[in-house]
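1. Sequence first, then the predicted structure:
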4 protein chains.
Amino acid sequence: LHTALKEGHIRKATHIVSTISDDRGEEPLYLGIPISEVIQQEMSIGDVISLLWFKRKLPRWASKFIEMCLIVAADHGPCVSGAHNTIVTARAGKDLISCLCSGLLTIGPRFGGAIDDAAINFKKALDNGIPPDVFVEDLKRQGRRVEGIGHRIKTAENQDKRVEILCQYAKQHFPAMKYFNYARAVESYTLQKANNLVLNIDGCIGSLLVDLLSSCGCFSEQEVKEILELGALNGLFVLSRSIGLIGHALDQKRMKQPLYRHPADDVLYATE
Amino acid sequence: LHTALKEGHIRKATHIVSTISDDRGEEPLYLGIPISEVIQQEMSIGDVISLLWFKRKLPRWASKFIEMCLIVAADHGPCVSGAHNTIVTARAGKDLISCLCSGLLTIGPRFGGAIDDAAINFKKALDNGIPPDVFVEDLKRQGRRVEGIGHRIKTAENQDKRVEILCQYAKQHFPAMKYFNYARAVESYTLQKANNLVLNIDGCIGSLLVDLLSSCGCFSEQEVKEILELGALNGLFVLSRSIGLIGHALDQKRMKQPLYRHPADDVLYATE
Amino acid sequence: LHTALKEGHIRKATHIVSTISDDRGEEPLYLGIPISEVIQQEMSIGDVISLLWFKRKLPRWASKFIEMCLIVAADHGPCVSGAHNTIVTARAGKDLISCLCSGLLTIGPRFGGAIDDAAINFKKALDNGIPPDVFVEDLKRQGRRVEGIGHRIKTAENQDKRVEILCQYAKQHFPAMKYFNYARAVESYTLQKANNLVLNIDGCIGSLLVDLLSSCGCFSEQEVKEILELGALNGLFVLSRSIGLIGHALDQKRMKQPLYRHPADDVLYATE
Amino acid sequence: LHTALKEGHIRKATHIVSTISDDRGEEPLYLGIPISEVIQQEMSIGDVISLLWFKRKLPRWASKFIEMCLIVAADHGPCVSGAHNTIVTARAGKDLISCLCSGLLTIGPRFGGAIDDAAINFKKALDNGIPPDVFVEDLKRQGRRVEGIGHRIKTAENQDKRVEILCQYAKQHFPAMKYFNYARAVESYTLQKANNLVLNIDGCIGSLLVDLLSSCGCFSEQEVKEILELGALNGLFVLSRSIGLIGHALDQKRMKQPLYRHPADDVLYATE
Ligand SMILES: CC(C)(COP(=O)(O)OP(=O)(O)OC[C@H]1O[C@@H](n2cnc3c(N)ncnc32)[C@H](O)[C@@H]1OP(=O)(O)O)[C@@H](O)C(=O)NCCC(=O)NCCS
Ligand SMILES: CC(C)(COP(=O)(O)OP(=O)(O)OC[C@H]1O[C@@H](n2cnc3c(N)ncnc32)[C@H](O)[C@@H]1OP(=O)(O)O)[C@@H](O)C(=O)NCCC(=O)NCCS
Ligand SMILES: CC(C)(COP(=O)(O)OP(=O)(O)OC[C@H]1O[C@@H](n2cnc3c(N)ncnc32)[C@H](O)[C@@H]1OP(=O)(O)O)[C@@H](O)C(=O)NCCC(=O)NCCS
Ligand SMILES: CC(C)(COP(=O)(O)OP(=O)(O)OC[C@H]1O[C@@H](n2cnc3c(N)ncnc32)[C@H](O)[C@@H]1OP(=O)(O)O)[C@@H](O)C(=O)NCCC(=O)NCCS
């Protein structure tokens, strides 16, 4: 940009720079590709996400995996923070977008936001040749939990079906699974500590997406790191769970549920 | 603006027009008044709100009443929709603004948003000389509730203290209370129907603010109507309750409360 | 529910009722279908949306159309309200979800929210046998614009490619297109008034979705009406455009763009 | 809580714990004080904030200072990120709360969120006896800017009036100003580097609030630290600026401003 300015190709600096889509011509372009071509080439939603978020056209097996992630994470019942806040807002009679945003704003470190951190941690550990046990004990020493490990109910004997589904697909289609295998090795070690310290869905998606980005041949090492640090994987969960949140809002409106008021006898008023 | 453009006072149309504050000079101006003067004149928060929302410097008794409204509506416990969603978001480990917005987004027709409608309805009815009983029955015929009337617990014998407080102040300081008195007359009629159809806090604030705006000598009839239609009174509740919502977020963070998950046994899964 | 309570099937009323998904068992169920089956049956994102929003498994041609809508509406450049606010928030250094929500909150009557209204209006008009010219003139008399009609740039000679794409697909796969054809008839009439009063993308998506819902054999007349009134079609735009908004947030973060401050010389300070 | 549970004072653990307000009785209690008493004692908005956020009744000079902060930070014109996004949302025809939240979500490290960090940094530096020059050079070595220092326009010769106003009040009423004085000493050092590296409004409010909390006699050393880490000072800016944001939303609605679309010629489409 600065060079272009200096060389006089641009008259004056604009206040906004944008690189992913262009609405000035006959039809919108996604990363330079006209929408009519996107449709003609039968690109999928996974392809469009790749164009707009990762600035690449990914191979079919990769964008198909992105779509599988969108499907398995679309909803997880009405009890989780996001769905709950969306339900409460819907019952307060608010519009769809207010309901959605009230729920989305709960997504973070403790709910739905462990994917990026799991990905970053597993990647750094494996790239630096740190053995699984050292990795786990290092985090423990820092008083941190292993992101992507642990589940309330699931155990070694009672696997999360969603993890199985994604792992199955990767085995059939991914060129490499070294980060996922590393995550599994971490799980083997943590399972010795407690039966429920399994690789959870966030850890599974996170490690497999690092494998996907690293082995699809579209990104340099540096670009993979950048994508993880931007928080783009978190974006996948956010988009996916939006399907469920909108569903919950419509569900409450359909049933004309009244204003929710949390039962006072479920609150400890610790005022003294 | 158009005239100014035509007369050549403005070179070209700007994309944004703004009238309430100006940040270009030595110090920000609120409606043309430099902040240092705002402070020197010992203006209060109620005064600043009047300048920025209503574009007027109100008499002291009026801005003091606005501050009383901010105080009595600042919080109403952890069980209401807004506080509840803020609490859930705080427990998901999110930043203060996400917690606040998640709660604010629940404010609307069923929670905290009856002030404007109560004000508009009572004003229209009294201005058009509609007797209280006709007013109530008209709404009933349309299948609508009387905004500003009704309470879960309060009854004719057991008044809401906050209504008493505001009414007391108005009696001592307002030049006129005709809209509040009309609201009281509506209450007299609805109380014949059921003991809990009292004038509630929203109806009280709404009707008194119409009295304030109409009798303070700062607004034309038309301007009062415009303020109500803009939803400015709703703004007072939003600002006031933000104090409570921020309080609840800080409260949960201080206690390091864990991720909230709604108990599954409190949900009816009506999936079949 | 009430009957179930009376008949003693449920011990006590729960505070929350939910019908679309169930997280209590081995794996989440979407409308009663286990996720592993969703994947095994190679259901698409359009299918999952139908299950969670419309409570139906739609025929393949229908869920494919939903996916096409998600693709063509995913982004429309950085200048529109939603993308702009997301960009400003990203440049303020905020997290992905804050950026997304700041943009989503602009979606409404003037930006992205004309789909539902266009659908409702065209449907009501055709169902009641109102001729296109009467329909347009009726709205004009009420001082309202025809939702789904009109474009800044596009004209009769210079069609919106996205409208062509969706129309093309519908012609090949939809059992019926009577609402779309009605919308086209309305367009023929408005084009006599001005060259740019074409059927726009919102009107196209809206009318085609009514055709889809009405002719797919999955919904009663009453259920179609309910879906439109719930604002579910608006949900499709919201979900779709979330792809673009997340893309814009990642784009700004990738380029490390500094804090945006709107140029003061583009503001008319109309303070006097 | 755990002790209470064990000792049998509480039947079963509630799902929510709350300590700041109580809505169960005749009238809401703020930190145990009935609202009617809050009003009778002529408590101010600053007092109510102290009760609900800091769990203390502060001396009058302290809550008055809090109110002054609310007043001087209430607005800073239409060009800053928050006001701008609120304006864009208002012009998209959205409700007041959507406008407010869209703006609030921009508040963070680069806009309005430097108060807490400035407070924490100045406090830590002075408490640990680090001389101003070492403090500045340490941050520089880490590639970090000094929070609370620097301004686009203001210089040593041309002070920010708002800083003067607050400083003036503190000199007259605060028992101690050691953190503010430390901030001033930092400014003296940075001013040798560049003429515009003055103590800005965030640094001023941040350091003075540390002085207030530390010298008012209501908090232990540990409690002051906790308040800063909770991000409570940020809350003051958020609440204060909400006045301005609501003002801007009402302003745009009053003027019936049309949908904003950012001018395409102000965007660099760097798509290749
Ligand atoms: C998912 C999770 C919240 C489940 O928690 P839970 O079953 O309620 O577990 P608890 O919090 O009761 O912890 C039980 C014990 O296991 C330990 N533990 C749990 N998760 C752990 C992890 N990821 N790493 C290390 N130790 C862990 C706890 O420290 C605790 O040990 P202690 O009793 O000695 O203190 C938890 O495993 C976790 O925080 N995981 C990391 C974040 C993550 O991946 N989230 C994605 C969820 S899909
Ligand atoms: C505040 C409110 C929700 C309390 O509701 P509630 O005590 O749970 O009352 P219910 O909904 O159980 O209604 C009980 C009966 O009173 C009637 N009723 C309640 N509020 C009424 C009102 N404002 N106008 C007319 N009738 C009303 C109901 O229609 C119902 O009659 P029915 O049994 O013949 O159907 C309700 O009074 C209301 O909606 N008021 C209007 C909105 C408002 O002012 N909100 C501000 C709250 S601070
Ligand atoms: C999309 C839209 C904003 C484009 O507006 P625009 O090209 O800037 O048009 P203008 O607002 O300048 O209007 C030009 C004239 O056409 C008329 N017009 C524009 N859209 C109209 C509509 N949908 N129905 C009837 N008349 C319309 C205007 O009233 C105006 O007539 P006038 O000069 O006699 O007052 C506008 O057509 C519209 O509001 N459409 C309805 C909402 C909609 O479908 N939005 C979806 C957008 S994808
Ligand atoms: C407020 C602020 C954004 C103003 O920035 P600006 O006037 O546009 O200054 P620039 O970003 O152009 O910086 C000019 C030079 O001063 C330096 N500088 C600016 N603020 C600095 C600070 N707080 N600490 C150290 N150096 C600073 C810059 O590094 C730069 O030096 P360089 O040219 O050698 O790289 C900036 O001073 C800042 O980030 N301050 C810290 C955050 C803060 O207090 N924000 C509250 C704003 S009210």
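-> Looks like it came in fine. This is a predicted model, so every value here is computed, not measured. Ligands and ions are numbered 1, 2, ... in the order given.

2. what's downstream of the helix or strand where A:Asn85 lies, the next helix or strand?
-> Element membership for A:Asn85, per DSSP states H and E: helix A:81-91. Next along the chain after helix A:81-91, taking DSSP H and E as the criterion, comes helix A:96-104.

3. Now do that next one, average pLDDT.
-> What helix A:96-104 shows for mean pLDDT is 98.

4. just the CA coordinates of that helix, formatted as PDB?
-> Presented in PDB, the C-alpha positions along helix A:96-104 are these (Å, rounded to 0.1, in the frame of the first residue of the first chain):
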ATOM      1  CA  LEU A  96     -34.200 -12.400  16.400                       C
ATOM      2  CA  ILE A  97     -30.900 -10.600  16.200                       C
ATOM      3  CA  SER A  98     -31.000  -9.400  19.800                       C
ATOM      4  CA  CYS A  99     -31.700 -13.000  20.800                       C
ATOM      5  CA  LEU A 100     -28.800 -14.300  18.700                       C
ATOM      6  CA  CYS A 101     -26.300 -11.600  20.000                       C
ATOM      7  CA  SER A 102     -27.300 -12.100  23.600                       C
ATOM      8  CA  GLY A 103     -26.300 -15.800  23.200                       C
ATOM      9  CA  LEU A 104     -23.200 -15.300  21.000                       C
END
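
5. residues of it that come out buried?
-> A:96-104 (16 or more other Cβ atoms under 10 Å in any protein chain shown). (Each C-beta comes from the backbone N, C-alpha and C, glycine too.)

6. what's the closest of those to ligand 2?
-> A:Ser98 (18.3 Å; Cβ to the nearest ligand atom).

7. Grab the nearest non-local neighbour of the closest one.
-> Nearest residue to A:Ser98 in three dimensions, chain neighbours excluded: B:Leu105, at 4.4 Å (Cβ to Cβ, 6 or more residues apart in numbering or on different chains).

8. Give me the neighbour count for that neighbour.
-> Residues within reach of B:Leu105, counting by other Cβ atoms under 10 Å in any protein chain shown, total 32.

9. A:Ala194 too?
-> A:Ala194: 12 neighbours (other Cβ under 10 Å).

10. In three-state terms, how would it be classified?
-> Per DSSP: H, G, I helix; E, B strand; the rest coil, the local secondary structure of A:Ala194 is coil.

11. rewinding a little: the residue nearest to A:Ser98 and A:Gly93 touch, don't they?
-> No: counting by Cβ atoms under 8 Å, B:Leu105 does not reach A:Gly93; the two are 11.7 Å apart.

12. what residues are shared contacts of these two?
-> Here B:Leu105 and A:Gly93 have no joint contacts, going by Cβ atoms under 8 Å, 6 or more residues apart in numbering or on different chains.

13. hmm, the host helix or strand of A:Asn234 touching chain B?
-> Using DSSP H and E, A:Asn234 sits within helix A:232-254. No: using Cβ under 8 Å from any Cβ of the partner chain, helix A:232-254 stays clear of chain B, coming no nearer than 9.7 Å.

14. can you give me the strands in chain A?
-> Under the criterion DSSP state E, chain A carries strands at the ranges A:16-18, A:21-22, A:29-30, A:33-34, A:267-269.

15. Format these as TSV; extra columns: mean pLDDT.
-> Output for those, formatted as TSV (pLDDT from 0 to 100):
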stretch	mean pLDDT
strand A:16-18	95
strand A:21-22	94
strand A:29-30	96
strand A:33-34	96
strand A:267-269	95
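
16. Determine which of those approaches ligand 2 most closely.
-> Using Cβ to the nearest ligand atom, the strands of chain A put strand A:267-269 closest to ligand 2, at 19.5 Å.

17. contacts for that closest one?
-> Strand A:267-269 is contacted by residues B:78-79, D:1, D:10, D:14-19, D:22, D:24 when judged by Cβ under 8 Å, 6+ apart.

18. Please compute how far stretch A:27-47 lies from its chain's middle.
-> How far stretch A:27-47 lies from its chain's middle: 23 Å, per Cα atoms, centre = their mean, to the nearest Å.

19. I meant stretch A:193-210, not that one.
-> Here stretch A:193-210 shows a centroid-to-chain-centroid distance of 14 Å under the convention Cα atoms, centre = their mean.

20. ok, it near ligand 1 or not?
-> Yes: using Cβ under 6 Å from any ligand atom, stretch A:193-210 comes into contact with ligand 1 via A:194, A:196-197, A:200-203.

21. Name the residues of stretch A:62-70 that are buried.
-> The neighbour-count check on stretch A:62-70 (16+ other Cβ under 10 Å) flags A:62-63, A:65-70 as buried.
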